[in-house]
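**Q** Predicted model follows, preceded by the sequence.
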Amino acid sequence: MYHTGTMPNQSFPLSRFKVLDLTRARAGPTCVRQLVDWGAQAIKIEMPGGRSGDGMGGNRHGFDFQNLHRNKRSMTLNLRDPQGVAIFKKLARDVDIIVENYRPGVKERLGIDYKAMRQVNPRLIYGSISGFGQSGPYRDRPGVDQIAQGMGGLMSITGIPGQGPVRVGIPIADLCSGIFLAQGILVALIERESTGEGKWVHTSLLEAMLSMLDFQASRWLMSHEVPPQAGNNHPTGIPTGVFETKDGHTNIAASGEDLYARFCKAIERPDLLTDPRFATSKARSTNRDVIMEVLMPVTRQKSSAEWIKLLNEAGVPCGPIYKINESFADPQVQHLEMAQPVRSPVLGDLTILGHPVSHAEMRLPLRSPAPELGEANEEVLTSIGYTKEQIADLSKRGVI
């Protein structure tokens, strides 16, 4: 089992880095979550009164907000007020990273874009996510995950052939753009060690979605082949897909010559190795529907559990198709300890997703739940020289 016990904050890999988090919705918070899970110290900047625009339905204590904003502190600050901007710039003098996912023109109107912030702190790494990019004809369009899934081509290759476009069941453009930006920020931090200078790094939902097309994009770019929907079957590796069993369905991946040979031996159908319709990868691709029709009566003869045991012992990848509750009940998932405990002073004991990358043999523990609105106001402002009287005045005037 992984060790997930408590550890001092300074032991986390990124504990020396400070972040100002201007993000909302999902893509930007996903980026910051990568950083804070590895120990970065983040202050989430929110509008006074909770007008955060987070798109979480206003439920700060719901599963979505708690999942996205763990390991952060919260400060309220009205960036539409000149004094709010002045406080933000004062905070920025002593941080390493700013992350935002406004539409490109918004940060410029507020006076907190990279050009302005670089004057405050030349070592600053400034990370941005937008819908479609920081320049170009769609620069100022509002962008959300499903729009990017459609524009990026993903919906055209998802689903059963002929059923029309289908969205993926997770906000994949949001999540991947956040992860990609976190990678870019880490690269910029490494580069800063030699140059001493910060940098503006940015991506978009659309760029992330196109990148995630991977080999499907290369099919078009290199072969001018427009990939169609392939349903539950792998688009190019055959036979790989969902197979009916005696009691349900299972995934089997038997593409490639070695795996296909093992598969045919395991299911006691050596004739499928020499059948000219299926003897080569190219032939199986040409006859993809036919081979599935031949194999289904075979896989229906055993239960899913029987096939999973038999095929894995034969070295052929095979696994169950779970509902999410079944996924978290699986002994391997439990061993990996992806479901992590955290204690909330308001909600009590919670279980939320842990970070998926292990540090040596350790799953880094969650340090704190999502913060209460503005809980760090006094602490943060005091640290940059404001008195209690000044803080009270800022609150009275709606700056915090």
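**A** Structure received.

**Q** Ile384 contacts Phe88, doesn't it?
**A** No. Using C-beta atoms under 8 Å as the test, Ile384 is too far from Phe88 to be in contact (10.7 Å). Glycine gets a C-beta too; all of them are placed from N, C-alpha and C.

**Q** More neighbours: which of these two?
**A** Taking neighbours as other C-beta atoms under 10 Å, Ile384 and Phe88 compare with Phe88 leading, 22 against 11.

**Q** how far is the helix or strand encompassing that one from where the chain is centred?
**A** Using DSSP states H and E, Phe88 falls within helix 82-92. Relative to its chain's centre, helix 82-92 lies at 30 Å (C-alpha atoms, centre = their mean, to the nearest Å).

**Q** contact partners of it?
**A** 20, 43, 45, 77-79, 98, 110-112, 116-117, 120-121, 124, 380-381, 384, 394, 397, 399-400 (C-beta atoms under 8 Å, 6 or more residues apart in numbering).

**Q** List the ones among these that fall in strands.
**A** Leu20, Ile43, Ile45, Ile98 (DSSP state E).

**Q** Would you check that Val294 makes contact with Cys264?
**A** No. Using C-beta under 8 Å, Val294 makes no contact with Cys264, being 11.0 Å away.

**Q** Leaving out chain neighbours, which residue sits closest to Ile157?
**A** Pro227 (5.0 Å; C-beta to C-beta, 6 or more residues apart in numbering).

**Q** Would you enumerate the residues in contact with Gln146?
**A** Arg167, Pro171 are the contacts of Gln146 under C-beta under 8 Å, 6+ apart.

**Q** which element is it on?
**A** In the assignment (DSSP H and E), Gln146 maps to helix 145-151.

**Q** which of the residues in that helix are buried?
**A** Using 16 or more other C-beta atoms under 10 Å as the test for burial, helix 145-151 gives Asp145, Gln146, Ile147, Ala148, Gln149, Met151.

**Q** residues in contact with stretch 267-281?
**A** In contact with stretch 267-281 (C-beta under 8 Å, 6+ apart) are residues 238, 255-257, 260-261, 264, 283-284, 286-287, 290-291, 294-295, 298-299.

**Q** one step back: if we take the buried residues of helix 145-151, which one ends up nearest to Ser327?
**A** Nearest to Ser327 among these, counting by C-beta to C-beta, is Asp145 at 22.0 Å.

**Q** Next up, phi/psi of the nearest residue to that closest one once chain neighbours are set aside, please.
**A** Distances taken as C-beta to C-beta, 6+ apart place Pro171 nearest to Asp145, at 4.0 Å, with adjacent residues excluded. Backbone geometry at Pro171, expressed as degrees, to the nearest 10, gives phi -80, psi 70.

**Q** hang on, Pro171 packs against Pro29?
**A** No. Pro171 is not in contact with Pro29 according to C-beta under 8 Å; the separation is 11.3 Å.

**Q** State the distance from Gln146 to Ile172.
**A** 10 Å (C-beta to C-beta, to the nearest Å).

**Q** sorry, back to before: take the contacts of helix 82-92 and, keeping just the buried ones, write it as a ChimeraX select command.
**A** Buried residues among these (16+ other C-beta under 10 Å), as a ChimeraX selection:
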select :20,43,45,77,78,79,98,110,112,116,117,121,124,380,381,394,399,400
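
**Q** In which helix or strand does Gly319 reside?
**A** Following DSSP H and E, one finds Gly319 within strand 318-320.

**Q** Just the buried positions in stretch 301-319, please.
**A** Within stretch 301-319, the residues scored as buried using 16+ other C-beta under 10 Å are Lys302, Ser304, Trp307, Ile308, Leu311, Val316, Cys318, Gly319.

**Q** can you check stretch 254-271 too?
**A** Neighbour-count burial for stretch 254-271 flags Ala254, Ser255, Leu259, Tyr260, Arg262, Phe263, Cys264, Ala266, Ile267 (criterion: 16+ other C-beta under 10 Å).

**Q** So the third one: helix, strand or coil?
**A** The assignment at Leu259 comes out as helix when based on DSSP: H, G, I helix; E, B strand; the rest coil.

**Q** ok, the residue nearest to it when sequence neighbours are not counted - contacts?
**A** For Leu259, ignoring the flanking residues on the chain, the nearest one in space by C-beta to C-beta, 6+ apart is Val316 at 5.8 Å. By C-beta under 8 Å, 6+ apart, the contact list for Val316 reads Ile252, Ala253, Ala254, Leu259, Arg262, Phe263, Ala266.
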